[in-house]
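1. could you work out the structure for the sequence below:
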Amino acid sequence: MDGNRRWARHKGVPTLMGHQKGYENLKTIADAIFDRGINVATFFAFSAENWKRSKREVTYLLNLLGGALGKDVSVLHSKGIKLKFIGDIDGFGTNMSTKMRKVMETTKRNKKGTLVIAANYGGRADILNAVRSLIAANIEPEKIIEDVFSRALTTAGLPDPDLLIRTSGEQRLSGFLPWQTVYSELYFTEKMWPDFSVDDLDIALGDYASRERRFGV
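-> Next up is the predicted model:
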C-alpha cells in the first residue's frame, strides 16, 4: 500500500493525513475484495523497517493500528471476516500484542474471508525464524520439504498469494512474502494507495484473469 506520504505531499496536507486516508482505503478495498468472492487478502501494513521512520510517524501508525483493534474489528466480526496478523507482533509490546491475539481468537471461526495484516513483518526474518524453529524441533534435514518449511512460516495454513498488487509505481517486493510469492502474478500501478479505487482493483483483477499461469511448467 505505497504512496500515502507522497499522496499527502501532492495534496498539500500533513503527511499523517496520508496514512489516515490510506487506512480508510484499506477498509474500502478489503470490503470490495471479499464482496468479489476472494477468500484471503493480505495487506502489508507495517514492515520491520518502518521503525526507522520518525518517532512522530511511527507513533501515529501505531495509534492507527491500535484504534483498528477496537470498533473496526467489531465491524469485521459482524461481516464474518477472520483477522490474522503475521509478523513479530511481540515487538509492539505486551498491551498491543495481547489485543492482537484476542481479536484473532475472537474472529477465528468466521468463514466469509480472511484479512491478513502483515505487521512488524519482514520476509527474511520470517524465513530465518522458520529455519530456527525447524532446527529447534530436531527435524532431520531430508525431511524438510517445501510443505514442512511452509508450515513453519507465519503464514502457515494460508494459501500462497495468486496476485500481488503494488501501488505508487514501485516495482519490487521489499520483503513482502518472498517465499510465498515465487509464483504470484505481479501487478504494478502508478496510482498512490489512497487513490487506488475499487475500479482500479477490478482492472487489476481483470488483468490477472487474462494471464496464463504455468507455474514453471
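2. tell me which residue is most central in the chain.
-> For the chain, the residue sitting closest to the mean C-alpha position, by C-alpha atoms, centre = their mean, is Phe43 at 2.4 Å.
3. that one belongs to a strand?
-> Yes: secondary structure assignment (DSSP: H, G, I helix; E, B strand; the rest coil) places Phe43 inside a strand.
4. how close does it get to Lys21?
-> Using C-beta to C-beta, to the nearest Å, we find Phe43 at a distance of 15 Å from Lys21. For the C-beta atoms, the positions are set from N, CA and C on the backbone; glycine is no exception.
5. and if you look at Ala130?
-> Per C-beta to C-beta, Ala130 is found 35 Å from Lys21.
6. one more: Asp195?
-> Separation of Asp195 from Lys21 (C-beta to C-beta) stands at 9 Å.
7. helices of this protein, start to end?
-> Taking DSSP state H as the criterion, the chain carries its helices at 4-11, 15-35, 55-67, 73-78, 94-107, 123-136, 146-150, 198-209.
8. out of these, which gets nearest to Leu164?
-> With C-beta to C-beta, the closest approach to Leu164 among the helices of the chain belongs to helix 198-209: 9.8 Å.
9. and for the closest one, what's in contact with it?
-> Residues lying outside helix 198-209 but in contact with it, judged by C-beta atoms under 8 Å, 6 or more residues apart in numbering, are 28-29, 32-33, 36, 162-163, 165, 185, 187, 189, 191.
10. so it versus helix 15-35, what angle?
-> Note on geometry: by axes from the mean of the first three to the mean of the last three C-alpha atoms, to 10 degrees, helix 198-209 and helix 15-35 are set 50 degrees apart in direction.
11. can you count the residues close to Pro159?
-> Here the neighbour count serves as a burial measure; for Pro159 (other C-beta atoms under 10 Å) it reads 10.
12. can I assume it is in contact with Ile38?
-> No: using C-beta atoms under 8 Å, Pro159 and Ile38 do not qualify as a contacting pair, with a distance of 10.9 Å.
13. ranking by neighbours, what's the top pick from the contacts of helix 198-209?
-> Scoring the contacts of helix 198-209 on neighbours with other C-beta under 10 Å, the highest-scoring entry is Ile165 at 22 neighbours.
14. hmm, Thr189 and that residue touching each other?
-> Yes: applying C-beta under 8 Å as the test, Ile165 and Thr189 come out as touching, 7.1 Å apart.
15. of the helices of the chain, which is nearest Lys84?
-> Using C-beta to C-beta as the criterion, the shortest distance between Lys84 and the helices of the chain is 5.9 Å, found for helix 94-107.
16. packing partners for the closest one?
-> Using 3 or more C-beta pairs under 8 Å, 6 or more residues apart in numbering; DSSP states H and E, the elements in contact with helix 94-107 are helix 55-67, helix 73-78, strand 81-86.
17. give me the buried positions along that helix.
-> Buried residues in helix 94-107, defined by neighbour count with 16 or more other C-beta atoms under 10 Å: 96-97, 99-100, 103, 107.
18. and for stretch 190-201?
-> Counting neighbours by 16+ other C-beta under 10 Å, stretch 190-201 gives 191-196, 201 as buried.
19. so can I have TSV of those residues showing distance to Asn63 and pLDDT?
-> Rendered in TSV, the data for those read as follows (distance: C-beta to C-beta, whole Å; pLDDT from 0 to 100):
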residue	distance to Asn63	pLDDT
Lys191	26	97
Met192	22	98
Trp193	19	98
Pro194	18	98
Asp195	23	98
Phe196	23	98
Leu201	27	98
